[in-house]
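>>> Got a predicted structure here, sequence first:
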Amino acid sequence: MAGKKILVVDDDPNVGLLVSAVLKKYNYQVVTLYHGEEVLALLKNEKPDLILLDLRMPGIDGYALCKRIREAPDTRDIPVVILSGVSEVDARVKTIELGADDFITKPFDVRELRARINRILKRKSADTSLNPLTHLPGSPAIEEEVQRRIDSGEQFAFSYIDADNFKAYNDVYGYAKGDEVIIRIALLLAEKAKALAGQDYFVGHVGGDDFVLITAPDAAEPVAKAVTEEFDRFILDFYSEEDRRRGFITTMDRQNKTKDFPIMSLTVAIVAPRTQKPYAKIVESAAELKRYGKEISDRRGSIFVRDRRI
């Protein structure tokens, strides 16, 4: 667990000093803050591996902070351990309902604290629901998020993002370079969604070069436009000067025939059902729309298409 960053949030400086001294001995990086407002400011720019959180603090208390952390798309997967002098069952139940991963009562044994932190971090690193390359939620979590929105009657847009000619790129440039492209797409989706969809977005990684973005209906097209334009700007950097000049690469296709493949692009298929549709129907519509987008003969670069029928 060397080098993992732990954020300690407690208005008692002595607790912060104690926890910091213990964890630093085991090569953790420790950041100590005393107010909820400071935490929210830090989380805009940094993402710790785990948060140790007191419940009773001035301003934004631990309950509200835990709720905010779990609701924000870019912090919802950070493990939260409550470290509190409040030992009542009601407090434990409430924090678990808010999404806390563990609850430790003060005064605590430092060995137990370290053991619990290790356990949670190991469990997170082994979480099979997260894509191992991008650390984005996978198919089960994507379906769960869509179903949650369907059950709540919420209007949303489901965007399916696929990289065109990715396999050919992998064959020519190798898997390491292909992985770099996948990571860059994941970062791009999160960056543009955060900028244009506020807090109402969800980015998932189906696998390979397939991603899903869920937003409010009116945010889907602005995000897709920003994503496709930015992708077309940076993707050339992943090719050699010669291939950039030619505008294509040459390799074998799936039938083992030599073929020229254009520079990679994105196809974004947007489905925003106006009435409640089952998850399978939404995915089916997105796949159909994606095929349509890929087959447009005169397209140049990345595109997004929206299903106007459902």
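That came through fine. Numbers count the residues shown, from 1 in each chain.
>>> Helices along the stretch 1-150 of the chain, start to end?
Along the stretch 1-150 of the chain, counting by DSSP state H, counting those that start in this stretch, helices occupy 13-25, 36-43, 62-71, 89-98, 110-125, 139-151.
>>> Out of those helices, which is closest to residue 214?
helix 139-151 (6.0 Å; Cβ to Cβ). Any C-beta I mention is one placed from the backbone N, CA and C, and that applies to glycine too.
>>> ok, and for that closest one, which residues are buried?
For helix 139-151, burial by neighbour count (16 or more other Cβ atoms under 10 Å) applies to 139, 141, 142, 143, 145, 146, 149, 150.
>>> ok, those vs residue 206, which is closest?
Looking across the buried residues of helix 139-151 and measuring by Cβ to Cβ, the closest to residue 206 is residue 139, at 5.7 Å.
>>> dump the residue contacts of residue 234.
residue 184 (Cβ atoms under 8 Å, 6 or more residues apart in numbering).
>>> Tell me which helix or strand it sits in.
For residue 234, the element it lies in under DSSP states H and E is helix 217-234.
>>> got the angle between the helix or strand harbouring residue 293 and helix 139-151?
Following DSSP H and E, one finds residue 293 within helix 279-294. For helix 279-294 against helix 139-151, the angle by axes from the mean of the first three to the mean of the last three Cα atoms, to 10 degrees is 110 degrees.
>>> so how far is residue 140 from residue 205?
Applying Cβ to Cβ, to the nearest Å, the value for residue 205 to residue 140 is 12 Å.
>>> just to revisit the earlier point, out of the helices of the stretch 1-150 of the chain, nearest to residue 179?
Judged by Cβ to Cβ, the one of the helices of the stretch 1-150 of the chain that comes nearest to residue 179 is helix 110-125, at 18.0 Å.
>>> list the buried ones in the closest one?
So helix 110-125, judged by 16+ other Cβ under 10 Å, has buried residues 113, 114, 116, 117, 120, 121, 124.
>>> If we ignore the residues flanking it in sequence, what's nearest the first one?
Going back to what we said before, that points to residue 113. residue 104 (6.2 Å; Cβ to Cβ, 6 or more residues apart in numbering).
>>> among the helices of the stretch 1-150 of the chain, which is nearest residue 219?
Residue 219 lies closest to helix 139-151 among the helices of the stretch 1-150 of the chain, at 13.6 Å (Cβ to Cβ).
>>> still on that earlier bit, I'd like to know which of the buried residues of helix 139-151 is nearest to residue 53.
residue 141 (23.3 Å).
>>> Contact partners for the closest residue to residue 65 other than its chain neighbours?
Leaving aside its sequence neighbours, residue 65 sits nearest to residue 36 (Cβ to Cβ, 6+ apart; 4.7 Å). Residues near residue 36 by Cβ under 8 Å, 6+ apart: 9, 57, 59, 60, 61, 62, 64, 65.
>>> So for the closest residue to the fourth one other than its chain neighbours, what pLDDT did the model give?
So the one you mean is residue 60. Nearest residue to residue 60, sequence neighbours excluded (Cβ to Cβ, 6+ apart): residue 36, at 2.8 Å. Note for residue 36: predicted pLDDT of 88.
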